[in-house]
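[1] structure of the sequence below:
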Amino acid sequence: MKRIYHYICLLILSVILLPACSDDNKEFEGKDNYITSFSLRLENETELNGLIEGNKITINASSSQSLERAKATVKLSENAKIFPNPEEITNWEEDIVFAVTSYNGTRSQYKYTVNRTEQEQAGTIILATQADVDAFGQKGITSIAGNLILGQISGKDSIKSLSPLAGLTQIGYSLIVYPTVGMTNFEGLENLTKVGDLIQIESSSRVQSVLFPALEMAGGVALKNDSLITISFPKLKNVSKSFVINSGMGQVILPSLERVGETFRLTNTFSNVKALMPSVILPYLKEVGSIELSRLENVKKVDFSELKTIADLNLYPLEKLIYINAPKLQIITGKLTTSATSKLSEFSLPELEEVNDMIVEGKQITTVNLPKLKRVKGKLSLNYAKINGLAKGFESLETVEGELYMLDLAMKDLIFPSSIKKINRLSIYNYLSTPLTKINIKGMNIKELAVMASAVDGVEIIGDDVFNGTLSILPDNAKSYTLKFPKLQGFSEVDSLSLGSYISNIDVLNIKGIKKIKKGLTIPNNNLQDFSISDLEEVGGNFTINHLNNIVDPSVIQINISDLKNVGGNFNVTIDSRSVRTLNVPKLESVGRDFTIGTGYMSTSSWSPSCHLRYLLFPKLTSIEGKMSLVPYKDDASKVNEELTDLNGFSALKKVSGIEIKAQAALVSYAGLKNALSTLTAGQWIVERNGYNPTYDQLKSGAWTKP
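    The predicted structure follows:
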């Protein structure tokens with residue numbers, strides 16, 4: 001019985017121990033060849049745990065985290081071996097294939113890869129000191145959603161290195177660098193590829209270069225610094241707003257720039273430095289709001305090889321500019337300006353078809369080449385150039401909707417291309433000692449021809465017989481005081497004739513050839529010493545002559561307006577010349593509105609001594625639709641004419657709406673108005689302070705002359 005019991009116990013024990021013996025045999029066989037865990041410890045003690053999926057090991061690291069000299073921790077199956085040895089690997093940036101061999105010699109492979117991830121920081125980041133920069137760099141941030149502000153507005157240099165920011169690739173809004181960033185360049189920001197808004201770098205005397213080698217996009221650029229030498233954005237293609245540099249720059253490198261949404265401006269407002277850059281080259285710029293290049297003392301060349309359209313192009317002042325290259329520019333929607341002090345000898349835009357405003361200035365320009373320009377929507381100014389007319393260089397010009405303004409062009413004859421159809425205003429302004437001799441506008445549709453300053457001096461103006469525009473002769477502010485009125489060929493009928501607000505530079509004004517003026521004619525205050533109008537028969541608007549008080553030659557005793565027949569508006573002539581005694585308008589028949597004559601007055605002034613008209617001769621004047629007024633000088637009680645004795649020169653007058661005669665101290669006879677009295681009422685007859693002041697009833701009773 002005991003033996004049976006003992007046998008049963010041994011049997012049970014063997015059953016219990018059998019599985020354990022079986023396990024020991026399996027482990028001993030050593031078939032497992034797995035990597036059970038994988039991690040990397042970086043130099044900054046950051047631990048990155050690997051993700052093991054099947055036979056793949058992935059390390060997720062931000063783009064700013066360096067894996068150089070990282071240490072690996074790898075766990076394997078029991079008694080398994082790995083090759084290559086992770087402890088001997090120094091370059092964890094590249095893909096690696098690990099071979100894991102089990103104890104019994106079976107082998108498996110694992111592929112190691114790195115997955116770079118972006119790490120973004122929200123909000124505005126302010127890094128005022130070097131410690132701030134260093135601490136931020138430790139975070140491995142690659143993208144900032146808001147603004148990045150470096151340094152402080154004032155104080156001592158607080159940042160000496162930006163290298164901890166080398167992993168930064170994008171800034172959502174602005175990058176602002178204040179003066180306490182005490183570096184000669186901005187090394188550490190070289191990996192920036194995008195700045196959503198403005199790159200603003202404030203003045204710092206240490207900064208000599210601004211280099212952004214990877215930047216491709218920016219909302220805007222604003223650099224203001226008197227020490228900058230080199231500005232380089234080799235990959236920058238798109239600036240959505242403005243690109244502005246104010247500096248004594250040595251070079252600006254923008255070989256890839258294609259678009260600037262608003263203004264591209266390079267200038268130097270610093271008086272202590274000169275801009276040394278010799279050229280502005282934008283070889284791929286296709287789209288820009290406006291370009292402004294100013295105060296760049298050494299720029300000789302500007303190149304916009306791909307530019308086709310632009311709003312404003314301002315090249316002023318660029319004193320050494322000798323060459324403009326814009327071979328594809330077709331449309332300028334705003335204004336183009338060049339500098340009168342430039343060294344340009346040729347101004348050429350071979351493909352330009354349309355411009356709003358253009359100022360072409362240059363005392364050395366001998367050639368203007370705008371062969372395809374058809375339309376100027378605003379003002380075209382050609383100043384100081386040595387060109388002989390516009391027939392060459394403007395072969396396609398059809399329309400100037402604003403003003404064609406020419407100042408001191410060194411030419412004798414002004415010749416236009418046959419293509420011109422319309423010019424709203426043609427202005428010719430000249431101070432040169434050898435002014436124009438001929439202006440030919442025959443066949444052209446011009447709303448106003450304005451000849452100004454010494455260009456007036458005896459120039460021959462050739463036009464159509466009917467000129468449906470204003471002819472403005474404006475000698476104001478000319479240097480010469482002996483200018484001659486232009487010689488007119490054609491112009492028998494003009495829309496209007498303007499002589500400005502004051503004639504200060506013409507001694508003798510003899511208007512000839514014009515028969516009809518549709519609107520008005522005004523001879524303004526003046527320094528004329530002799531005056532006459534011949535051929536003029538009709539003025540549709542007002543006819544006005546002011547003063548003529550400088551006609552003092554005793555031989556000039558009569559003003560003749562010999563051919564005038566009709567005035568549609570007011571007739572207003574004031575003569576207070578010390579020598580002129582007669583106003584003779586022998587053919588005038590009708591005046592459409594008021595008729596006023598200033599007859600001159602007694603004066604003791606040395607500059608305006610006694611000035612009296614004695615005779616008013618209007619022998620054919622029959623109708624005045626408005627009122628007739630005779631006063632010495634306007635309606636001034638202190639002024640009195642002492643020589644006009646009668647009104648016999650108005651004997652043909654039959655119709656008038658009122659008569660007012662004042663301060664004619666010698667006037668004693670009204671017999672010349674007999675034929676007009678019947679058209680008046682008593683209330684329309686006003687006489688005061690004359691030699692004889694009869695009432696309306698006295699005249700009706702025949703008392704025309706003072707008893």
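[2] quick one: the helices in the protein, in order.
    Using DSSP state H, the helices found in the chain span residues 2-29, 130-138, 696-700.
[3] can you give me the domain assignment for this protein?
    35-117, 119-277, 286-409, 537-707 (automatic domain parsing).
[4] please name the bridge partners of residue 558.
    residue 582 (DSSP bridges).
[5] so how far is residue 41 from residue 76?
    18 Å (Cβ to Cβ, to the nearest Å). No exception for glycine: its C-beta is placed from N, CA and C like everyone else's.
[6] so for these two, which sits in the more crowded spot?
    Shown here are residue 76 and residue 41; by other Cβ atoms under 10 Å, residue 76 has more neighbours (18 against 13).
[7] residues touching the more buried one, list them.
    Counting by Cβ atoms under 8 Å, 6 or more residues apart in numbering, residue 76 touches 33, 34, 35, 36, 82, 100.
[8] neighbours around the fourth one, how many?
    Residue 36 is flanked by 12 other residues according to other Cβ under 10 Å.
[9] test my guess that it contacts residue 80.
    No. Judged on Cβ atoms under 8 Å, residue 36 makes no contact with residue 80 at a distance of 9.5 Å.
[10] give the phi and psi angles for residue 90, as a check.
    For residue 90, the backbone dihedrals (degrees, to the nearest 10) come out as phi -110, psi -20.
[11] once you drop chain neighbours, what's closest to it?
    Among residues not flanking residue 90 along the chain, residue 69 sits closest, at 6.3 Å (Cβ to Cβ, 6 or more residues apart in numbering).
[12] for burial, what's the neighbour tally of that neighbour?
    10.
[13] please apply the same query to residue 131.
    11.
[14] in stretch 275-292, which residues are buried?
    By neighbour count on 16 or more other Cβ atoms under 10 Å, the buried set for stretch 275-292 is 275, 277, 279-282, 285-286, 288-292.
[15] check the residues you listed and tell me the two furthest apart.
    275 and 286 (25.5 Å; Cβ to Cβ).
[16] before we move on, back to that, mind telling me which of the helices of the chain the model trusts least?
    Ranked by mean pLDDT, the helices of the chain end with helix 2-29 at the bottom, a mean of 47.
[17] show me what contacts residue 576?
    547, 548, 549, 598, 600, 601, 608, 611, 633.
[18] excluding sequence neighbours, find me the nearest residue to it.
    residue 611 (3.7 Å).
[19] and the one you found, how far is that from residue 530?
    For residue 611, the distance to residue 530 - Cβ to Cβ - is 16 Å.
[20] also residue 85?
    From residue 85 to residue 530 the distance is 115 Å (Cβ to Cβ).
[21] for residue 424, same thing?
    For residue 424, the distance to residue 530 - Cβ to Cβ - is 34 Å.
[22] and what of residue 145?
    82 Å.
[23] ok, now residue 308?
    Residue 308 is 58 Å from residue 530, by Cβ to Cβ.
[24] try residue 621
    Distance from residue 621 to residue 530, by Cβ to Cβ: 25 Å.
[25] do the same with residue 223
    Taken as Cβ to Cβ, the span from residue 223 to residue 530 is 65 Å.
[26] with neighbour numbers in mind, choose between the two.
    Legend: neighbour count by other Cβ under 10 Å for residue 223 and residue 530, higher for residue 223 (22 against 16).
[27] give me the pLDDT value at that one.
    Reported pLDDT for residue 223: 94.
[28] dump the residue contacts of it.
    199, 200, 201, 210, 231, 244, 245, 246, 247.
[29] could you dump those into TSV and include distance to residue 327, pLDDT and neighbour count?
    Below are the contacts of residue 223 laid out as TSV (distance: Cβ to Cβ, whole Å; pLDDT from 0 to 100; neighbours: other Cβ atoms under 10 Å):
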residue	distance to residue 327	pLDDT	neighbour count
199	31	96	25
200	34	95	19
201	34	90	25
210	30	93	24
231	26	95	23
244	26	97	21
245	25	96	21
246	29	94	21
247	29	91	26
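[30] pull the CA atoms of stretch 575-588 into CSV?
    Extracted as CSV, the C-alpha positions of stretch 575-588 are listed here (Å, rounded to 0.1, in the frame of the first residue of the first chain):
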residue,chain,number,x,y,z
ILE,A,575,-8.8,153.3,-70.0
ASP,A,576,-6.8,155.5,-67.7
SER,A,577,-3.9,156.3,-69.9
ARG,A,578,-2.4,159.8,-69.6
SER,A,579,-2.0,160.1,-73.3
VAL,A,580,-5.1,158.3,-74.8
ARG,A,581,-8.0,160.7,-75.4
THR,A,582,-10.2,158.8,-77.8
LEU,A,583,-11.8,155.3,-77.7
ASN,A,584,-12.9,154.5,-81.3
VAL,A,585,-15.0,151.4,-82.0
PRO,A,586,-16.4,152.5,-85.4
LYS,A,587,-18.2,149.3,-86.5
LEU,A,588,-19.8,148.0,-83.2
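[31] any idea how far it is from the chain center?
    51 Å (Cα atoms, centre = their mean, to the nearest Å).
[32] before we move on, what about stretch 186-198?
    On Cα atoms, centre = their mean, the centre of stretch 186-198 falls 31 Å from that of its chain.
[33] what does it contact?
    Here stretch 186-198 has contacts from 147, 161-177, 201, 207, 210-222, 241, using Cβ under 8 Å, 6+ apart.
[34] which ones among those residues map onto strands?
    By the criterion of DSSP state E, membership of the contacts of stretch 186-198 in strands covers 170-171, 175-177, 201, 210-211, 217-222.
[35] quick one, which of those residues has the minimum pLDDT?
    residue 201 (90).
[36] you'd agree that residue is up against residue 220?
    No. Using Cβ under 8 Å, residue 201 is not in contact with residue 220; the gap is 11.9 Å.
[37] could you list the low-confidence segments of the stretch 1-150 of the chain?
    1-29, 64, 117-120 (pLDDT under 70).
[38] what about 80?
    1-29, 44, 62-65, 116-122 (pLDDT under 80).
[39] what ranges does it have for its strands?
    Residue ranges of the strands in the stretch 1-150 of the chain, as given by DSSP state E, counting those that start in this stretch, are 35-41, 47-49, 51-53, 56-62, 71-76, 81-83, 96-101, 107-117, 120-121, 125-127, 143-144, 148-150.
[40] the residue nearest to residue 272 when sequence neighbours are not counted: neighbouring residues, count only.
    Closest residue to residue 272 apart from its sequence neighbours, by Cβ to Cβ, 6+ apart: residue 226 at 6.2 Å. Number of residues near residue 226 (other Cβ under 10 Å) recorded here: 18.
[41] you'd agree residue 226 is up against residue 247?
    Yes. Contact status for residue 226 versus residue 247: in contact at 6.5 Å, counting by Cβ under 8 Å.
[42] spit out the residues that contact those two alike.
    With Cβ under 8 Å, 6+ apart, residue 226 and residue 247 have common neighbours 270, 273.
[43] go through stretch 77-91 and flag the buried ones.
    Under 16+ other Cβ under 10 Å, the buried positions of stretch 77-91 are 77, 80, 86.
[44] ok, stretch 138-153 next?
    140, 141, 142, 143, 144, 146, 147, 148, 149, 150, 151, 152.
[45] residue 589: which of these is nearest?
    The closest of these, once distances to residue 589 are taken by Cβ to Cβ, is residue 147, at 81.7 Å.
[46] how about that closest one, what does it touch?
    124, 125, 171, 172, 173, 174, 175, 176, 197.
[47] format those as TSV; extra columns: distance to residue 47 and neighbour count.
    Output for the contacts of residue 147, formatted as TSV (distance: Cβ to Cβ, whole Å; neighbours: other Cβ atoms under 10 Å):
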residue	distance to residue 47	neighbour count
124	30	15
125	26	18
171	29	26
172	30	20
173	33	17
174	35	20
175	32	26
176	35	21
197	37	18
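[48] now for residue 43, how many residues are close by?
    Neighbour number of residue 43 under other Cβ under 10 Å is 12.
[49] and residue 156, by the same measure?
    Using other Cβ under 10 Å: residue 156 sits among 8 other residues.
[50] contacting residues for the nearest residue to it once chain neighbours are set aside?
    The shortest distance from residue 156 to any non-neighbouring residue, by Cβ to Cβ, 6+ apart, is to residue 180 (6.6 Å). For residue 180, the contact set (Cβ under 8 Å, 6+ apart) comprises 128, 151, 152, 153, 154, 155, 156, 157, 158, 159, 204.
[51] good, we can wrap up now.
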